[in-house]
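Novice: sharing a model that was predicted from the sequence below.
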Amino acid sequence: MSDPTAPPSKVALITGADSGIGRATAVRLARAGMDVGITWHSDHKGAQETAEEVRAHGRRAEVARMDLTRLPEAADTVDELCERLGRLDVLVNNAGTGTMTPFLDLELSDVREVLDVDLVGPFLCGQKAARQMIRQGDGGRIVNVTSVHEHQPRVGAAPYCAAKGGLGLLTQVMALELAEYRITVNAVAPGEIATPMTGQEDTDPHTESRPGVPLGRPGDAREVAAVVAFLAGPDASYVTGASWSVDGGMLRMGPQAGSHLTSDDWRRP
């Protein structure tokens, strides 16, 4: 029987939690004792599998569809999940998309879709989440999943780089404006992570070779989730406005070089 005097369970909402980094984050936060709201766009089965993993850790999970190409109404899903879960303590803006199209060949519709999903959507979801946290009166955490391309460009990824760079600066403005409400806002910037988005859904990243990445391999989604969980937890209470690269050292090489080098010759002077 539950104790009516006990504080309510903390609640996290992770967008795009049907696979990859989103799923790993949902499970990691459930292990930390949080109930979890899960959004999905096209993979309902994947979202349900994430929910089952969360429940296996004894936490509550609620699932809702969110299509960030349909703005602003898609952001209403944040309010819906807050109502179903009772509150909101952590928002992880993880859902994302991209293109690999040369700048001169891009269509306006493709640019708008990437900007909506990767920048405008997180902006609107962040507003919804922050307003809920302010109403609750006890602070909160917002973590925006960007990319190494928040910091460095990549050929063929103009709208993705523009959106992630914009989300990085949006993170800093949010951190400044929301600090008075004890809401921290940080970014996590993954490099190449073995996920469905990178075509490596069933890959063990520890067995893959990436000569241009100092650590020599792609990352595991759970390695990103661990950093998100730190920023979402009590040990990061004095951390805000920062961008945390989780990239195996790729940014030190430049992500274009890091992902394109085919030998380890650079390691030798």
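Specialist: Noted; the coordinates are in hand. This structure is a prediction, so every number in the text was calculated from the model and none was measured. Numbering: from 1, shown residues only.

Novice: how close does residue 170 get to residue 137?
Specialist: As judged by Cβ to Cβ, to the nearest Å, residue 170 and residue 137 stand 24 Å apart. All C-beta atoms are positioned from the backbone trio N, CA, C, and that covers glycine.

Novice: in this structure, which spans are helices?
Specialist: Along the chain, counting by DSSP state H, helices occupy 20-31, 44-56, 76-85, 108-115, 121-136, 158-178, 221-232, 250-253, 255-260.

Novice: let me know which of those is tucked in deepest.
Specialist: Neighbour counts averaged per stretch over the helices of the chain are highest for helix 20-31, at a mean of 26; criterion: mean count of other Cβ atoms under 10 Å.

Novice: other SSEs contacting it?
Specialist: Helices and strands touching helix 20-31, by 3 or more Cβ pairs under 8 Å, 6 or more residues apart in numbering; DSSP states H and E, are strand 11-14, strand 35-40, helix 44-56, strand 90-93, helix 221-232.

Novice: now for the second one, which elements pack on it?
Specialist: The contact analysis (3+ Cβ pairs under 8 Å, 6+ apart) places strand 35-40 against strand 11-14, helix 20-31, helix 44-56, strand 61-65, helix 76-85.

Novice: over to the third one?
Specialist: Taking 3+ Cβ pairs under 8 Å, 6+ apart as contact, the helices and strands that helix 44-56 lies on are helix 20-31, strand 35-40, strand 61-65.

Novice: quick one on the thing from earlier: any idea which of the helices and strands packed on strand 35-40 gets closest to residue 246?
Specialist: helix 20-31 (9.4 Å; Cβ to Cβ).

Novice: dump the helices and strands packed on helix 44-56 into TSV; add distance to residue 158 and mean pLDDT as well.
Specialist: TSV is the format used below for these (distance: least, Cβ to Cβ, whole Å; pLDDT from 0 to 100):
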stretch	distance to residue 158	mean pLDDT
helix 20-31	23	97
strand 35-40	26	98
strand 61-65	29	98
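
Novice: output these in a markdown table; the columns should cover distance to residue 229.
Specialist: Listed next are the helices and strands packed on helix 44-56 as a markdown table, based on distance: least, Cβ to Cβ, whole Å:
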| stretch | distance to residue 229 |
| --- | --- |
| helix 20-31 | 5 |
| strand 35-40 | 12 |
| strand 61-65 | 16 |
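
Novice: contacting residues around residue 23?
Specialist: When contacts are counted by Cβ atoms under 8 Å, 6 or more residues apart in numbering, residue 23 touches 17, 46, 49, 50, 53, 221.

Novice: ok, the fifth one touching residue 29?
Specialist: No. Using Cβ atoms under 8 Å, residue 53 is not in contact with residue 29, being 11.2 Å away.

Novice: which of the helices of the chain has the lowest mean pLDDT?
Specialist: Among the helices of the chain, helix 255-260 has the lowest mean pLDDT, at a mean of 89.

Novice: do you know which of the helices and strands packed on helix 44-56 lies nearest residue 146?
Specialist: The nearest among the helices and strands packed on helix 44-56, by Cβ to Cβ, is helix 20-31 at 11.5 Å.
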